[in-house]
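Participant: Predicted model and sequence below, questions to follow.
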Amino acid sequence: MNVQLIVKRAGPAMTLQDLGRPNRLAQGLSQGGAADRLALLEAAALLGTQTVLPAIEMAGFGGEFQTTAPLRFALTGGAMAAQIDDTPLMWNRTYTLYPKQTLKLGSVVRGSYGYLTPAAPLATPAWQDSQSAHLLAGIGAMLQSGTRLDLGTDPNLSQPDRKISPSDRFSGGFIRIIPGPQTCLFSSQTVERFLNTRFQRSPQANRQGVRLDGADPFAAQIPAGLASEFITTGDIQMTGQGVPYVLLAECQTIGGYPRIATVIPADIPKMAQAPVGSMIEFDLIPLEQADHDCIDDAKMLQSLRAKVAPCIRDPHDIPNLLGYQLISGMIAGTEFDEDTNDAIN
Amino acid sequence: MSAEPALPVPSLSPFGLTSIVVRFAWTTSDMATRAVQNFKYAVDQSNILGIVETATALASVIISFDRAITTRAAVSQQVQQVLDGTDWTITPPPPVRRIWHIPVAFGGDYGPQLDQVAQMIGRTPDQAVAEIAQTDLRVLSIGFAPGQPYVGLLDPHWNIPRQTELTPHVPAGALVVAIRQLVLFTNPSVTGWRQVGYCAFRPFVAERTNPFALELGDLMKFQVVSHTDMAQIEATAENGLGGARCESVSPQ
């Protein structure tokens, strides 16, 4: 059965994102896709889907959603205050939304980007093999309140709810980097100082990149008229004032600012999810180690599928334990006819 | 501002985990621009296993590979073999596969800085326009915006610097010039380049059957049209092609 997911109320920065469009540098189009790709792989593992499905990416704020038919979904990435009608939800697990219910997602409480992934694929045609909005390129648009997303079929609608423990990437910390083609434009003292700096993730951030505050400018020894070169997700650019920007999924393809190093793909989710003000430090690792440790999407998905667990009603899983009527058995008689939510009154 | 970095050119550098960059110069130069076009073509022709994309910036080439098929070491070694032993600045340019004929209106509102540019290169405005129309120009690089071409090279007297003050707004379709190159803007933009002309051709239209019109290496022939004709083209042209025509050149 086909389903429509209705965006009743859209937060200010909601877009559809999948894994983007690789290998289009020759056309001036960066890969784009989810700022935190791992969140999409986690959603695929949770939902048990064959492929990685498009998600609604929500920067900072969620929204309200309804459905025209029962719809499984996963909540992954940066955790947000979440409820269906008045029932609080856990993050990093699946639920089913039924018609007439409203899924409400509030502000992000850990990390920066939350993901709502329906278990049914989008029915609308992909553009150049992807559903991802790429706003810098003028592809797709922000999701607006009132948007109705046509979805296909979820073949596993009856699958019991499942949960996963996400890798810890929502509070900044150490980010691994490798040398790049322009690292040699920086003196060894400058590189050393960069590696010894504790940065703060600036409020200035979007899908194109994240600014890092907290250090004196980093100067490059650049020849006058440095030619623009290809840039990529993870590159750490020193802008005109010598302030570092880490490029994210929706960066441009060519840039003229000198780049000191590149964040390894595995740590991009941690960089993207680092909340405003969190501490960031860089760890320069040898290229050979980065190569050796690199895990492709298929292998990562396989290992995530093995980490998924069924949801059992363990007290630790019940989000608002105090809201439940644990002592209702202590009072005698008439309360059995009442709405259990009112039993204490 | 300092001397050239110690790393000599041409050089091959790892870039991320799935690309390498071959740099022919640190700054833009005619020699480097020629070399990257010729070298990219040679890499494409060499059919190295596992390469998924090659692309040219103005002084460097990026070569991306699929880690599931090959390794950086294997790709680097084979690319180095292609690189070695040839002076890429003097090899013949890659063969032309496609020729674009693109109507352009110059001067006036369509090219507000034409007179200034003509003066800078020591020509009359009409002579400047004729030179743009008659030079064999190739798509050298595509970037900054999707599908947006860097076109060149014009003759050496066109080596004019960018403006120090930015022009706050040029429209999509603006043809701008600096450092022997033309850029055809795909979106309204701020620019340090000088606008000499305007076309109704849009290199990138997401909704078009072929969203990206241009390919690296395409030959660009700018056809001079009157302002009246341009207004007419704008009113009637569909699909963002702006009256442009693409001619395929069969291999020799």
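Facilitator: Alright, I've got the coordinates.

Participant: Quick check: phi and psi at B:His227.
Facilitator: For B:His227, the backbone dihedrals (degrees, to the nearest 10) come out as phi -60, psi -40.

Participant: ok, and the closest non-adjacent residue to it?
Facilitator: With sequence-adjacent residues excluded and distances taken as Cβ to Cβ, 6 or more residues apart in numbering or on different chains, B:His227 is closest to B:Ala105, at 5.2 Å. Any C-beta I mention is one placed from the backbone N, CA and C, and that applies to glycine too.

Participant: quick one: strands adjacent to the strand or helix carrying that neighbour?
Facilitator: According to DSSP states H and E, B:Ala105 maps onto strand B:98-106. According to DSSP bridges, strand B:98-106 forms sheet pairs with strand B:194-198 (antiparallel), strand B:219-224 (parallel), strand B:245-248 (antiparallel).

Participant: so what does the helix or strand following it touch, helix or strand wise?
Facilitator: Following the chain from strand B:98-106 toward its C-terminal end, the next helix or strand by DSSP H and E is helix B:114-121. Identification of packing neighbours for helix B:114-121 by 3 or more Cβ pairs under 8 Å, 6 or more residues apart in numbering or on different chains; DSSP states H and E yields helix B:125-134, strand B:194-198.

Participant: circling back: identify, out of the strands paired with strand B:98-106, the most deeply packed stretch.
Facilitator: Among these, strand B:194-198 has the highest mean neighbour count (mean count of other Cβ atoms under 10 Å in any protein chain shown), at a mean of 26.

Participant: tell me the angle of that strand relative to helix B:125-134?
Facilitator: Inter-element angle recorded for strand B:194-198 and helix B:125-134: 70 degrees (by axes from the mean of the first three to the mean of the last three Cα atoms, to 10 degrees).

Participant: CA atoms of strand B:194-198 as CSV?
Facilitator: Output of strand B:194-198 as CSV, limited to C-alpha atoms (Å, rounded to 0.1, in the frame of the first residue of the first chain):
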residue,chain,number,x,y,z
ARG,B,194,34.3,42.0,-15.8
GLN,B,195,31.1,41.4,-17.7
VAL,B,196,31.4,41.9,-21.4
GLY,B,197,28.4,39.9,-22.7
TYR,B,198,25.3,37.9,-22.0
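
Participant: thinking again about what came up before, how far away is the residue nearest to B:His227 from chain A?
Facilitator: For B:Ala105, the distance to chain A equals 24 Å [Cβ to the nearest Cβ, to the nearest Å].

Participant: For that residue, give the beta-bridge partners.
Facilitator: Listed beta-bridge partners, B:Ala105: B:Tyr198 (assigned using DSSP bridges).

Participant: For residue 120, which non-adjacent residue is spatially closest?
Facilitator: Using chain A here. In space, A:Ala120 is closest to A:Leu151, 3.9 Å off (Cβ to Cβ, 6+ apart).

Participant: You answered for a different chain; I wanted chain B.
Facilitator: Closest residue to B:Met120 apart from its sequence neighbours, by Cβ to Cβ, 6+ apart: B:Ile160 at 4.9 Å.

Participant: so where does the one you found fall, helix or strand?
Facilitator: Under DSSP H and E, no helix or strand contains B:Ile160.

Participant: Tell me how many other residues surround it.
Facilitator: As a burial measure, B:Ile160 scores 17 neighbours (other Cβ atoms under 10 Å in any protein chain shown).

Participant: what about it, distance to chain A?
Facilitator: Distance, B:Ile160 to chain A, by Cβ to the nearest Cβ: 13 Å.

Participant: That residue reaches B:Ile121, doesn't it?
Facilitator: Yes. Applying Cβ atoms under 8 Å, one finds B:Ile160 in contact with B:Ile121, separated by 6.5 Å.

Participant: what about the strands in the stretch 151-252 of chain B?
Facilitator: Under the criterion DSSP state E, counting those that start in this stretch, the stretch 151-252 of chain B contains strands at B:167-170, B:174-178, B:181-184, B:189-191, B:194-198, B:219-224, B:245-248.

Participant: Would you convert those strands into JSON lines that also reports mean pLDDT?
Facilitator: Below are the strands of the stretch 151-252 of chain B laid out as JSON lines (pLDDT from 0 to 100):
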{"stretch": "strand B:167-170", "mean pLDDT": "92"}
{"stretch": "strand B:174-178", "mean pLDDT": "96"}
{"stretch": "strand B:181-184", "mean pLDDT": "95"}
{"stretch": "strand B:189-191", "mean pLDDT": "88"}
{"stretch": "strand B:194-198", "mean pLDDT": "98"}
{"stretch": "strand B:219-224", "mean pLDDT": "98"}
{"stretch": "strand B:245-248", "mean pLDDT": "96"}
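
Participant: Now tabulate these in a markdown table and tack on distance to A:Gln182.
Facilitator: A markdown table is the format used below for the strands of the stretch 151-252 of chain B (distance: least, Cβ to Cβ, whole Å):
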| stretch | distance to A:Gln182 |
| --- | --- |
| strand B:167-170 | 29 |
| strand B:174-178 | 23 |
| strand B:181-184 | 22 |
| strand B:189-191 | 24 |
| strand B:194-198 | 29 |
| strand B:219-224 | 30 |
| strand B:245-248 | 36 |
